[in-house]
Each structure stands twice: as C-alpha cells, then as structure tokens.
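1. Got a predicted structure plus its sequence, pasted below:
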Amino acid sequence: PTSIYTNENLKYVYILDKNNGRVVVLEKNGKFKIQYVSDQIKNSTDLVVSEKEGKIILLTGSKLVYFEPK
C-alpha cells in the first residue's frame, strides 16, 4: 500500500494501492468491504477520508481530487 488512513472516529480503514490504481476499504476487523478502481488513483500519493462528508480525497501531484464512495 502507498498510504493507509483511519482514526478512532472512522468506521473503516482506507488503503491507497497506487500501483494497482485502487482504494481498498476494510472493516476494522480486517474484513473486505469494497474497492474503488480508477486510472486517476495511479497518480495519487496520499489520501484522507471524511465519512461524515462522504468523500475520499486523494493527493494527485499538486492537486486534491475527491470522489464519493458508494
């Protein structure tokens, strides 16, 4: 993984897998929830997540891009 994001307030663990162009979402017990795949993710170097706002925010070069998870 390129980056892992979670904290005590989030329900899930978010893993940025830059090489495979995906963000993997796991339950905190390690159970697979869902993955998001996109060529744009391959250019990302870090991520943060706001479950409250419903956004996964990716750092891509000098830009922030986001998508809304399902």
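-> Thanks, I have the structure now. If you're wondering where the values come from, they're calculated on a predicted model, not measured in any experiment.

2. So Met27 sits against Leu10, correct?
-> One thing to correct before we go on: residue 27 is Glu, not Met. No. At 10.8 Å, Glu27 does not count as touching Leu10 under the criterion of Cβ atoms under 8 Å. (Each C-beta comes from the backbone N, C-alpha and C, glycine too.)

3. The two - which one has more neighbours?
-> More crowded of Glu27 and Leu10, by other Cβ atoms under 10 Å: Leu10, with 14 against 11.

4. quick one, what contacts that one?
-> Leu10 makes contact with 49, 51, according to Cβ atoms under 8 Å, 6 or more residues apart in numbering.

5. Let me see the residues that make contact with stretch 62-70.
-> 25, 34, 36, 38, 40, 44, 54-58.

6. so how far does that stretch reach from one end to the other?
-> 26 Å (Cα to Cα, to the nearest Å).

7. Okay, buried residues for that stretch please.
-> For stretch 62-70, a neighbour-count test (16 or more other Cβ atoms under 10 Å) marks Pro69 as buried.

8. Which of the contacts of stretch 62-70 sits closest to Tyr5?
-> Taking Cβ to Cβ as the measure, Tyr5 lies nearest Ile56 of the contacts of stretch 62-70, at 8.8 Å.
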